[in-house]
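S.K.: Okay, predicted coordinates and the sequence, questions at the end:
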Amino acid sequence: MPESLILPSPVFRRCGCPALLRRPLPVEAMNSHRPVLLEEALAGLAAGRPCSRVRAFVDGTYGRGGHSAAILETLRPGDVLHALDRDPAACAHAFKAHARRDGFRIHRRNFAELQAWAQEQALLGRIDGLLLDLGVSSPQLDQAERGFSFAADGPLDMRMDPDTGESAAQWLARATQTEIAEVLWRYGEERNSRRIARRIVESRVESPLTTTTQLAALIAAVPGPRSRKIHPATRSFQAIRIHINGELDALERALAAVLELLAPGGRLAVISFHSLEDRVVKRYIREHSTRVRDGEALTPLLRRIGRYFPDDAEVAANPRARSAVLRVAEKVP
């Protein structure tokens, strides 16, 4: 299990992140990542509303800290923001960006482990706001060496935590044709999944797939139905990434713990970029806000606050926001 990291003061502690530096981040590095639906997420978490006690908030997917930085600005003295991320590069960023901020803690953990982590931190039933910004972060996409994108050539990795699990290349080298096709269809809704899977298996006999552009070219060369709006490899890369990182399973596990994590009146805010993720979140909120057993209505455990989308201005400034949806719910006191 990855170690838990805490930054209670200017003192830096190692988090398994390479080459942590004690100098502040350059301004351009801090501004390179644009958090999606930022104002809507802050309003959804209601971090600024009056409260007579010390509060705890959790950013379960720190990424590059855009949402965390904004949440910190709303906190009152004594409040604490806990940020989690399994990516050591994200932890390193948090050290550089926020180590000197009072009330900030960074933990190298997968948000799938929220329940166990909260128990360790004595936070069960005490969290006033929980934010999950799902999917891959812009810096991960932009760094060719992480292997998430075929925009530039890089190793076929795709792991959010490069220290654990198998890479995309390792999985594609051992998975059966049926397993590959199922992943492409289930997580990418790729209509050409069977043909692509067959071609991958045929190709690896001659030479292993080791780079992003190599896989993208292979997929693009496979005949069959495809969208004219996106690259032929887009859905397959998305599906393989979701599978390699167990993203839907992590989301299910995190949501299963929400009611135990939140304080009465605490808020859950989830930003999704994929219809599969959004369906999971929508179903969870619906089931707990409209409870029926044997035809009898039960007291709701959650109250739906709202659903939000980026406006045209945000999409124009950040095209990666175009598929985002934010859902917010509140634990019934």
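M.R.: Everything's here; your move.
S.K.: quick one: secondary structure of the nearest residue to Leu301 once chain neighbours are set aside?
M.R.: Of all residues not flanking Leu301 in the chain, His288 sits nearest, at 4.5 Å (Cβ to Cβ, 6 or more residues apart in numbering). Any C-beta I mention is one placed from the backbone N, CA and C, and that applies to glycine too. Assigned by DSSP: H, G, I helix; E, B strand; the rest coil, the conformation of His288 is helix.
S.K.: what sits against His288?
M.R.: Leu259, Pro300, Leu301, Leu302, Ala329 (Cβ atoms under 8 Å, 6 or more residues apart in numbering).
S.K.: residue contacts, Gly295?
M.R.: Contacts of Gly295 (Cβ under 8 Å, 6+ apart): none.
S.K.: Enumerate every residue touching the residue nearest the centre of the chain.
M.R.: The structure's the chain has its C-alpha centroid closest to Leu134; by Cα atoms, centre = their mean the separation is 3.0 Å. By Cβ under 8 Å, 6+ apart, the contact list for Leu134 reads Thr61, Glu247, Leu251, Val270, Ile271, Ser272, Phe273, His274, Glu277.
S.K.: list the helices and strands the strand or helix carrying the third one packs on?
M.R.: With secondary structure defined by DSSP states H and E, Leu251 is part of helix 247-261. Using 3 or more Cβ pairs under 8 Å, 6 or more residues apart in numbering; DSSP states H and E as the contact definition, the elements that helix 247-261 packs against are helix 114-120, strand 127-133, helix 275-289.
S.K.: Let's see that with 6 Å instead.
M.R.: For helix 247-261, the packing partners by 3 or more Cβ pairs under 6 Å, 6 or more residues apart in numbering; DSSP states H and E come out as helix 114-120.
S.K.: Which of the residues in the helix it packs on are classified as buried?
M.R.: Leu114, Gln115, Trp117, Ala118 (16 or more other Cβ atoms under 10 Å).
S.K.: which one of those residues sits closest to Tyr308?
M.R.: Tyr308 lies nearest to Leu114 out of these, by Cβ to Cβ, at 22.7 Å.
S.K.: check contacts around Val80.
M.R.: The contact partners of Val80, by Cβ atoms under 6 Å, 6 or more residues apart in numbering, come to Ala56, Gly103.
S.K.: Specify the beta-bridge partners of it.
M.R.: Ala56 (DSSP bridges).
S.K.: heads up, I number from 15, so please use that
M.R.: All right, first residue 15 from here; so that's Val94.
S.K.: out of the contacts of His302, who has the most neighbours?
M.R.: Taking other Cβ atoms under 10 Å to define a neighbour, the member of the contacts of His302 with the most is Ala343, carrying 26 neighbours.
S.K.: My read is that Ala166 contacts Glu159, right?
M.R.: No. Ala166 is not in contact with Glu159 according to Cβ atoms under 6 Å; the separation is 9.3 Å.
S.K.: domain parsing for the chain?
M.R.: As given by automatic domain parsing, the domain ranges for the chain are 41-153+261-345, 161-259.
S.K.: average pLDDT for the first one?
M.R.: Domain 41-153+261-345 shows a mean pLDDT of 92 in the predicted model.
S.K.: outside of the helix or strand hosting Val215, which residues touch it?
M.R.: Take DSSP H and E as the rule and Val215 turns out to sit in helix 207-220. For helix 207-220, the external contacting residues (Cβ under 6 Å, 6+ apart) are Gln191, Ile194, Ala195, Leu198, Trp199, Leu232, Ile233, Val236, Gly238.
S.K.: buried stuff in that helix?
M.R.: Buried residues in helix 207-220 (16+ other Cβ under 10 Å): Ser207, Arg208, Arg209, Ile210, Ala211, Arg213, Ile214, Val215, Ser217, Arg218.
S.K.: Equivalent analysis for stretch 330-343, please.
M.R.: Asn332, Arg334, Ala335, Ser337, Ala338, Val339, Leu340, Arg341, Val342, Ala343.
S.K.: What residue, apart from its backbone neighbours, is nearest the fourth one spatially?
M.R.: Computed as Cβ to Cβ, 6+ apart, the closest residue to Ser337 that is not its neighbour in sequence is Phe287, at 5.1 Å.
S.K.: for that neighbour, what are its contacts?
M.R.: Contacts of Phe287 (Cβ under 6 Å, 6+ apart): Gly149, Ser337, Ala338.
S.K.: which one of those sits closest to Arg100?
M.R.: Gly149 (13.5 Å).
S.K.: Give me the phi and psi angles of that closest one.
M.R.: phi 90, psi -160 (degrees, to the nearest 10).
S.K.: Looking at the contacts of Leu148, spot the one nearest Pro246.
M.R.: His288 (18.1 Å).
S.K.: if you skip the residues just before and after it, what's nearest to that closest one?
M.R.: In space, His288 is closest to Gly149, 6.6 Å off (Cβ to Cβ, 6+ apart).
S.K.: what's the answer for Ala55, then?
M.R.: Ala55's closest residue in space is Ala283 (Cβ to Cβ, 6+ apart), at 5.3 Å.
S.K.: Packing partners of the helix or strand encompassing the one you found?
M.R.: According to DSSP H and E, Ala283 maps onto strand 276-286. In terms of contacts (3+ Cβ pairs under 6 Å, 6+ apart), strand 276-286 is packed against helix 52-59, strand 141-147, helix 289-303, strand 339-345.
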